[in-house]
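Trainee: sequence first, predicted coordinates after that:
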Amino acid sequence: MARPISTCLKAGLALWLFSQACVVYGHKHEGDLTEEQLHAPIDSILWIHMGLQAIVWGIIFPIGMVFGLSRSRWHVPTQSIGFALTLGGIFLGHVHGGRQFRHSTHGSIGSWIIVPILAQLALGIYLKLHIHQETLRPYAVRVHGILGRLWPILGWVQSLFGVILLRDLCGPNGAGQCAAHYIMGSAFIGYGIVLSLLFVLGEGWVRRNGKSPEWWDSWVIMLWGIVNTFTEHWGGAWSVKDMQHTVLGILWWTGGALGIFLARNNQRNVVPALIIILTGWAMSAHSQALMLSTKVHAVFGYTLILAGVTRMIEVCFLPATPYAPGSLEDNDSEHTLSPSQAAQGIVRSQVMAARAFRHLPPFLLVASGFLFMSATDEELEAVHETGMDHVTYILGMYSLAFLLYLFTQFLFHLYMTTGQNANSVYPAGEIVFAAPLNGEIELTSPRDASKWYSRVPREEAPVHVVGEDD
């Protein structure tokens, strides 16, 4: 009876969401707002809207996505709660009092976001019915998975537009700079998260794929450089910033092309790390109008330089293959005497140190992303007016980077210890993000698996020692 009840609950939730969507679409912000309305205090309903959506899109939906990837029984309940709460948050965002806002991208996305929510919910209900197993279901599984993976990106973008609207940033004079800083900063953050994903969970995938991480890095850098080369100057006299930004684009596509060539045949190289170092040096010397802005850009550049240096060390000096029992030669196996056991311990300690060091490049990329996103002229002018110094501001951005990286690692850990991975015999680096060949996504853990963590290993059978009496 569990499956019919779950399906009925989801169907009822879908109907409720549709009814609330009609209410949301019926609400329109006024076109002409007075200065009093635009600068009124934020009321409690709007605070609840912001807090609720931050919790849902920043915590609940990512956790539910991970439960879906690990095929955990908690996927459906988590996402159902998230869908219900986010619809309530959208409704509150359209009925609040106090401060009012002009038409914005955040408001438009907040209305039309109902469409992917209902689509994902409908796909989830359809998959729970277990029909059309050989025809439509495999395609529905893929679409459901793609939409689910887009959820964190959609939440991140909508949150950024919400902050822009709340702080009244990125006006006509600052829209171009905002777009450049927010897109590039988000790219650095995404780069760091993906790099951490490869180091923590994807090493086996990299081996099977036959392409080194630098091959992928170099392609992204080259394509972004081509775009940057032809979009930084729009006619008129060339300013110093126009020349600097354009030559950075040239640096990226030329260096990216070299990195692609050197990464052929699954070879690793230091070109992406070198490009990051040069970009950081350029940003650290970027002249700014405010002293606060100059110092923030300098620390952003130093952080990028450090990220590139640590990435170079990771490529050149750290062991690539994680330690696994039986992977050493027979002379160094556990069957020999203590000298080789000591050598085995040294290898294990070296690999553990390498795994610890590998968190540095991705974290520094995440931190540089936050610093760059927070370095627009409008933001720093507002900070300057409050009397805050650069030390407090920069440490605040680093604190946000620590929080995001902490949550990212928690999600990786959750994936490795829930659902089908709770009793997995594979090491951490060999877990693969892939659906089974039959397209089944029942989202239930094995009957003997723990709800949250893998079980304590069973005691080994007694070892028979040669020479003992039978």
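Mentor: Happy to help now that I have it. Remember, it's a predicted structure, so these values are computed and weren't measured experimentally.
Trainee: can you tell me what sits against stretch 268-279?
Mentor: Contact with stretch 268-279 is made by 212-214, 217-218, 221, 248, 251-252, 255-256, 258-259, 262-263, 304-305, 307-309, 311-312, 315-316, 320, 365, as judged by C-beta atoms under 8 Å, 6 or more residues apart in numbering. Every C-beta, even on glycine, is put in place using the N, C-alpha and C of the backbone.
Trainee: again, but for stretch 376-392
Mentor: By C-beta under 8 Å, 6+ apart, stretch 376-392 touches 167, 169-171, 174, 177-178, 181, 289-293, 295-296, 299, 374, 393.
Trainee: show me which of those residues are buried.
Mentor: Using 16 or more other C-beta atoms under 10 Å as the burial test, the contacts of stretch 376-392 include 169-170, 174, 177-178, 181, 292-293, 295-296, 299, 374, 393 as buried.
Trainee: among the contacts of stretch 376-392, which are in helices?
Mentor: Within those, residues falling in helices by DSSP state H are R167, Q177, C178, H181, M291, L292, S293, K295, V296, V299, Y393.
Trainee: which parts of the stretch 351-470 of the chain are helices?
Mentor: 360-373, 377-386, 390-417 (DSSP state H, counting those that start in this stretch).
Trainee: looking at those, which is buried most?
Mentor: helix 360-373 (a mean of 26; mean count of other C-beta atoms under 10 Å).
Trainee: list the contacts of that one.
Mentor: 181-182, 184-193, 195-196, 199, 276, 280, 283, 296, 299-300, 303-304, 306-307, 310-311, 314, 394, 397-398, 400-401, 404-405.
Trainee: if we use 6 Å, what do you get?
Mentor: 181-182, 184-185, 188-189, 191-192, 195-196, 300, 303-304, 306-307, 310-311, 397-398, 400-401, 405 (C-beta atoms under 6 Å, 6 or more residues apart in numbering).
Trainee: which ChimeraX command selects the buried ones in those residues?
Mentor: Filtering the contacts of helix 360-373 down to the buried ones (16+ other C-beta under 10 Å) takes a single ChimeraX command:
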select :181,182,184,185,188,189,191,192,195,196,300,303,304,306,307,310,311,397,398,400,401,405
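Trainee: okay, the angle between the host helix or strand of L154 and helix 390-417?
Mentor: Assignment of secondary structure by DSSP states H and E places L154 within helix 137-167. In terms of direction (axes from the mean of the first three to the mean of the last three C-alpha atoms, to 10 degrees), helix 137-167 departs from helix 390-417 by 160 degrees.
Trainee: could you name the helices and strands sitting against helix 137-167?
Mentor: If you count contacts as 3 or more C-beta pairs under 6 Å, 6 or more residues apart in numbering; DSSP states H and E, helix 137-167 packs onto helix 61-69, helix 105-112, helix 114-129.
Trainee: distance check, the closest residue in space to T254 that isn't next to it in sequence against P213.
Mentor: Of all residues not flanking T254 in the chain, G225 sits nearest, at 7.4 Å (C-beta to C-beta, 6 or more residues apart in numbering). Distance of G225 to P213, given as C-beta to C-beta, to the nearest Å: 18 Å.
Trainee: repeat that for A237.
Mentor: In this view, A237 and P213 are 41 Å apart by C-beta to C-beta.
Trainee: okay, the two: which has more neighbours?
Mentor: The residue with more neighbours, out of A237 and P213, is P213; 20 against 6, by other C-beta atoms under 10 Å.
Trainee: and stretch 375-394, how far from the chain's centre?
Mentor: Chain-centre distance of stretch 375-394: 26 Å, with C-alpha atoms, centre = their mean, to the nearest Å.
Trainee: mind starting the numbering at 428 from now?
Mentor: In the new numbering, first residue 428, that becomes stretch 802-821.
Trainee: quote the end-to-end distance of it.
Mentor: This stretch, stretch 802-821, spans 10 Å end to end (C-alpha to C-alpha, to the nearest Å).
Trainee: ditto for stretch 707-715
Mentor: 15 Å.
Trainee: buried residues in it?
Mentor: By neighbour count on 16+ other C-beta under 10 Å, the buried set for stretch 707-715 is G707, A709, M710, S711, H713, Q715.
Trainee: go on, stretch 520-529?
Mentor: G520, H521, H523, R526, Q527, F528.
Trainee: pull the distance from it to the chain's centre.
Mentor: Distance, stretch centre to chain centre, for stretch 520-529: 30 Å (C-alpha atoms, centre = their mean).
Trainee: for that stretch, give the mean pLDDT please.
Mentor: The average pLDDT for stretch 520-529 rounds to 78.
Trainee: count the neighbours of G728 for me.
Mentor: What G728 shows, counting by other C-beta under 10 Å, is a neighbour count of 22.
Trainee: and the gap between it and L624?
Mentor: Going from G728 to L624 by C-beta to C-beta gives 26 Å.
Trainee: what do you get for Q604?
Mentor: Taken as C-beta to C-beta, the span from Q604 to L624 is 30 Å.
Trainee: now P640
Mentor: 11 Å.
Trainee: and what of N655?
Mentor: N655 is 25 Å from L624, by C-beta to C-beta.
Trainee: next SSE after the helix or strand bottoming out on mean pLDDT in the chain?
Mentor: The weakest-scoring helix or strand in the chain, judged by mean pLDDT, DSSP states H and E, is helix 429-452 (a mean of 46). Once helix 429-452 ends, the next helix or strand along the chain (criterion: DSSP H and E) is helix 462-465.
Trainee: roughly how far is that next one from the heart of the chain?
Mentor: Relative to its chain's centre, helix 462-465 lies at 37 Å (C-alpha atoms, centre = their mean).
Trainee: any residues touching it, and which ones?
Mentor: Against helix 462-465 from outside (C-beta under 6 Å, 6+ apart): Q527.
Trainee: buried residues in that helix?
Mentor: Buried residues in helix 462-465 (16+ other C-beta under 10 Å): none.
Trainee: with just CA atoms, put it into CSV.
Mentor: The C-alpha coordinates for helix 462-465 follow below in CSV (Å, rounded to 0.1, in the frame of the first residue of the first chain):
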residue,chain,number,x,y,z
GLU,A,462,9.5,56.6,-3.5
GLU,A,463,7.8,55.7,-0.2
GLN,A,464,6.8,52.3,-1.4
LEU,A,465,10.2,51.7,-3.0
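Trainee: chain center to stretch 503-515: distance?
Mentor: Worked out by C-alpha atoms, centre = their mean, stretch 503-515 lies 21 Å from the chain centre.
Trainee: what lies in contact with that stretch?
Mentor: L444, Q447, L479, V483, I487, F488, I490, G491, F494, L548.
Trainee: packing partners of the helix or strand containing S613?
Mentor: Taking DSSP H and E as the definition, S613 sits inside helix 602-627. Where contact means 3+ C-beta pairs under 6 Å, 6+ apart, helix 602-627 is packed against helix 787-800.
Trainee: give me the distance from the helix it packs on to the chain's centre.
Mentor: Distance, stretch centre to chain centre, for helix 787-800: 12 Å (C-alpha atoms, centre = their mean).
Trainee: same deal with stretch 529-537?
Mentor: The answer for stretch 529-537 is 24 Å, by C-alpha atoms, centre = their mean.
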